[in-house]
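Engineer: no sequence on hand, only this structure:
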């Protein structure tokens, strides 16, 4: 296990993670074999097991990293809440843009985790929970319309984010900026208190 | 085939369709056998083949009826377009309510066709196309904000409709009326021209 701490080891590890993401996205988790991953990475089966105990482990690591980074992004709005005017139209656009850019920078992983029914569902609920908390805090601060249900609005916002990502962003029909503009156009007036 | 035209025949046919919907929703299309459907309907295998050539045929009939009715509903807003003020907040609410009530009245079929990845996708695109056309017509008439992209807004609206149905309506957490109110609250201000 010493090798994994060296620079070369870190590179091989990263190559295996990237190759695994490609394989999962192309062929699905079930149909991906460790032999496909190492072939794509240009490494040996032995090298794979130096860094990961199993296919499940590499998938788990990709998923956990994706979830953690995404949660931090979805949660970003929360930290500036004490400031006045936090929930403004430009701020909503900025947050949406950050999320779309995140997905755009990881098209393969986004495909794996947003499309996979079960993983997608888990991720959707986690995101919706964070967004709902954020909306509730801002509602209490007077920035969000008092009549809005944070739970329903959060579910709706995450659904919009997912669908636009799948339909226009990953297919490269629109840029993250364009989608952030469109989504803000549609949603901001219903969220921000007048 | 004469029997299928009699009143008794129509009743058996309907029972088979209902039983099939239950089985597809409970066990998925692949794991449903004709023998499960006839058992639930309290009929014989021979009776089934009197009305349907195969499992595929009964699924196809359920799907086509669901699609057709849903398309008519999604298209309903279009017919009154020439009238002024068609795209108003109460009108948006009325259309949303009609859709939520449609799903609520058919929880099993909604589960089958909204959850099934491929069917769901096909349905989503059909719905989004109708909604986009409707938005475009109303945009030309000056009822919808000129800066809104009909395609993006339509995809987003259908995504919201789907998610709220799955998350709150089919789980009986909220009524169709409550969801129509919440969805209108969130979306209407971004759609309707001031």
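Structural biologist: Alright, I've got the coordinates. As the structure is a computational prediction, the values presented were derived from the model and not from experiment.
Engineer: isn't residue A:170 up against residue A:107?
Structural biologist: Yes: Residue A:170 lies in contact with residue A:107 (C-beta atoms under 8 Å); the separation is 5.4 Å. No exception for glycine: its C-beta is placed from N, CA and C like everyone else's.
Engineer: next up, the contacts around the residue nearest to residue A:45 when sequence neighbours are not counted.
Structural biologist: Among residues not flanking residue A:45 along the chain, residue A:38 sits closest, at 5.4 Å (C-beta to C-beta, 6 or more residues apart in numbering or on different chains). By C-beta atoms under 8 Å, 6 or more residues apart in numbering or on different chains, the contact list for residue A:38 reads A:16, A:19, A:44, A:45, A:47, A:48.
Engineer: the residue positioned nearest the centre of chain A - nearest residue in space that isn't next to it in sequence?
Structural biologist: The residue lying closest to the centre of chain A (C-alpha atoms, centre = their mean) is residue A:70, at 4.2 Å. Of all residues not flanking residue A:70 in the chain, residue A:102 sits nearest, at 6.5 Å (C-beta to C-beta, 6+ apart).
Engineer: which pLDDT does the model give that neighbour?
Structural biologist: We have a pLDDT of 85 for residue A:102.
Engineer: list the buried residues for the helix or strand containing it?
Structural biologist: Using DSSP states H and E, residue A:102 sits in helix A:89-105. Using 16 or more other C-beta atoms under 10 Å in any protein chain shown as the test for burial, helix A:89-105 gives A:91, A:92, A:93, A:95, A:96, A:97, A:99, A:100, A:101, A:102, A:103, A:104.
Engineer: check stretch A:40-54 too.
Structural biologist: Buried residues in stretch A:40-54 (16+ other C-beta under 10 Å): A:40, A:41, A:43, A:47, A:48, A:50, A:51, A:52.
Engineer: domain-wise, how is chain A divided?
Structural biologist: A:1-52, A:59-191 (automatic domain parsing).
Engineer: from these, which stretch is densest packed?
Structural biologist: domain A:59-191 (a mean of 18; mean count of other C-beta atoms under 10 Å in any protein chain shown).
Engineer: got the end-to-end distance for that domain?
Structural biologist: Between the start and the finish of domain A:59-191 there is a gap of 36 Å, counting by C-alpha to C-alpha, to the nearest Å.
Engineer: that older thread, which element is the residue nearest to residue A:45 on?
Structural biologist: Residue A:38 belongs to helix A:34-41, assigned by DSSP H and E.
Engineer: any idea which helix or strand comes after that helix?
Structural biologist: Taking DSSP H and E, what comes next after helix A:34-41 is helix A:45-51.
Engineer: which other helices and strands contact the following helix or strand past that following helix?
Structural biologist: Where DSSP H and E defines the elements, the next helix or strand beyond helix A:45-51 is helix A:55-79. Judged by 3 or more C-beta pairs under 8 Å, 6 or more residues apart in numbering or on different chains; DSSP states H and E, helix A:55-79 is in contact with helix A:7-31, helix A:34-41, helix A:89-105, helix A:107-115, helix A:117-140.
Engineer: any idea which of the ones you listed gets closest to residue A:176?
Structural biologist: Closest approach to residue A:176 among those is made by helix A:89-105 (3.6 Å; C-beta to C-beta).
Engineer: now the angle between helix A:55-79 and the closest one, please.
Structural biologist: Interaxial angle of helix A:89-105 relative to helix A:55-79 (axes from the mean of the first three to the mean of the last three C-alpha atoms, to 10 degrees): 170 degrees.
Engineer: what are the contacting residues of helix A:89-105?
Structural biologist: Contacts of helix A:89-105 (C-beta under 8 Å, 6+ apart): A:69-70, A:73-74, A:76-77, A:85, A:110, A:114, A:161, A:164-165, A:169-170, A:175-177, A:179-181, A:183-184, A:187-188, A:191-192.
Engineer: and the domains of chain A, which one's lowest on average pLDDT?
Structural biologist: Out of the domains of chain A, domain A:59-191 stands lowest, with a mean of 81 (criterion: mean pLDDT).
Engineer: close to chain B: what parts of chain A are there?
Structural biologist: A:117, A:145, A:147-149, A:152-153, A:155-156, A:158-160, A:162-164, A:167-168, A:174, A:179, A:182-183, A:185-191 (C-beta under 8 Å from any C-beta of the partner chain).
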